[in-house]
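In: give me the fold of what follows.
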Amino acid sequence: MDPKSSHTFTFLLLVSLFLHYTVADGTSSVFFLDNPSHRYFRSPSKISSMSLSEVGATVSVLLGFAPPVTLSDASSSKLNEVLVPNPFDRPRSVLILEVTGAEGVSIEALRSNVVNEKRADIQLPDADEVSLFSLDEPKADDEYSDKELSDFASWLSGSYVNGELAIPLEDDSYLKFQLSKEADREFVTSLVSLTRKIQRTTETHQDLSGAVHHPSELISGKFDGLKALKENYGAEGVAKGTKLFSVVMSKVFDSLTEAYKGQIVGVIVCNETPSVAESLFNVIFTSRSSARWLEEAKALPNATAIEEIILVRRTVAWITGILLIIATLLGIYFLLNMPLTRDTLLYSNVKLD
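Out: Residues are numbered from 1 along each chain as shown. A predicted model of the protein is given here:
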């Protein structure tokens, strides 16, 4: 199996199981999606529960930055359970996606339950060192023509005829959605919108990759398209929708991996609560002190010493200036009073052997 097919299969396995398994205790989950040919996470396994703050710290490290200084020793140990212990090998590009209205997962993959918190911070250094791509743009223009929907179906090796979207699965069966129904159309168009926004970030990445200073890249967003299916069809509709979501995300992440040359990972947070206005994660920038400022502050003398240094420097400057002025005046004086006679050395026809 070639690397691309292997990657597609792995991600499809992750995400196809990703929203199908209902967890009895109702906790949310986080999945760390890796590149099989170049791993940035530990071997797939279940780890102990993580807080949203620890997930945010993990994203910061994946982007190539140090974790927050407020991170406790216990949380640092949790990050060591997730990340490969090589601080010089980080992807520096992360897709973090929050999926709302979905159940948790129990699969053979690097997964953790998430302790419910209102929000958590992803702390990053100066904005010049990170490029942010938000997938949470307004949805007012998310109405697509039949041709656009047909192109979307063809991209998934499916078809769109007479308002019916049919997408083939691995077992030769088909997922079918009637876009004449409001819930089906809302779900499908939300997937098309998500796909297009991620594709636009790929185009921007290609522009940034040629720059001398290539910043880290964080692609963040929230997908709440399952809400319409859950409200209208219940658990059966959600199961059907997650299958299509898995196919779409498999293709999307495959294209991201190719565009980023494998240097990108995914962090998907499966949140069971209904969609809310605010995201679970808040990106904040922290100022980084200049190394030069720190050195100057460390070697800063007292006020008396500063005055003595200034006095010495000014004295040397004045003495040097006076000597230069005297030398210039003497030179001008001797030039003006030179005798108008031929110099015996300059004008003589001396023949040097």
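
In: can you classify Ala166 by secondary structure?
Out: Assigned state for Ala166: strand (three-state reduction, DSSP: H, G, I helix; E, B strand; the rest coil).

In: that one and Ser159 touch, don't they?
Out: Yes - counting by Cβ atoms under 8 Å, Ala166 touches Ser159, with 5.1 Å between them. Where you see a C-beta, it was placed from the backbone N, CA and C, and this is true even at glycine.

In: can you list residues touching both of those two?
Out: Contact criterion Cβ atoms under 8 Å, 6 or more residues apart in numbering; residues shared by Ala166 and Ser159: Ala153.

In: just name the shakiest helix or strand of this protein by mean pLDDT.
Out: Taking mean pLDDT, DSSP states H and E as the measure, helix 291-298 is the helix or strand of the chain with the lowest mean score, a mean of 46.

In: which element follows that helix toward the C-terminus?
Out: helix 303-336 (DSSP states H and E).

In: is the residue most central in space within the chain in a helix, a strand, or coil?
Out: Residue closest to the mean C-alpha point of the chain, counted by Cα atoms, centre = their mean, is Leu218 at 2.0 Å. Secondary structure assignment for Leu218 (three-state DSSP): strand.

In: does it really touch Leu62, like I thought?
Out: No - using Cβ under 8 Å, Leu218 is not in contact with Leu62; the gap is 9.2 Å.

In: give me the nearest residue to Lys240, chain neighbours excluded.
Out: Among residues not flanking Lys240 along the chain, Leu175 sits closest, at 6.5 Å (Cβ to Cβ, 6 or more residues apart in numbering).

In: quick check: the one you found vs Ala153, distance?
Out: With distances taken as Cβ to Cβ, to the nearest Å, Leu175 is found 11 Å from Ala153.

In: shared neighbours of Leu218 and Leu62, anything?
Out: Both Leu218 and Leu62 are contacted by Val94, under the criterion Cβ under 8 Å, 6+ apart.

In: so where's the stretch 151-300 of the chain shaky on pLDDT?
Out: 208-212, 272-277, 287-300 (pLDDT under 70).

In: quick one on the thing from earlier: quick one, which of Leu175 and Ala153 is more surrounded?
Out: Ala153 (19 against 16; other Cβ atoms under 10 Å).

In: quick one: the helix or strand hosting the more buried one to strand 164-168, angle?
Out: Here Ala153 sits within helix 146-155, counting by DSSP H and E. Taking axes from the mean of the first three to the mean of the last three Cα atoms, to 10 degrees, one finds helix 146-155 and strand 164-168 inclined to each other by 10 degrees.

In: what helices and strands are in contact with helix 146-155?
Out: strand 159-161, strand 164-168, helix 182-208 (3 or more Cβ pairs under 8 Å, 6 or more residues apart in numbering; DSSP states H and E).

In: buried residues, it. List them.
Out: Judged by neighbour count using 16 or more other Cβ atoms under 10 Å, the buried positions of helix 146-155 are Leu149, Ser150, Phe152, Ala153.

In: I'd guessed the second one sits against Tyr160; true?
Out: It refers to Ser150. Yes - with contact defined as Cβ under 8 Å, Ser150 and Tyr160 form a contacting pair (4.4 Å).
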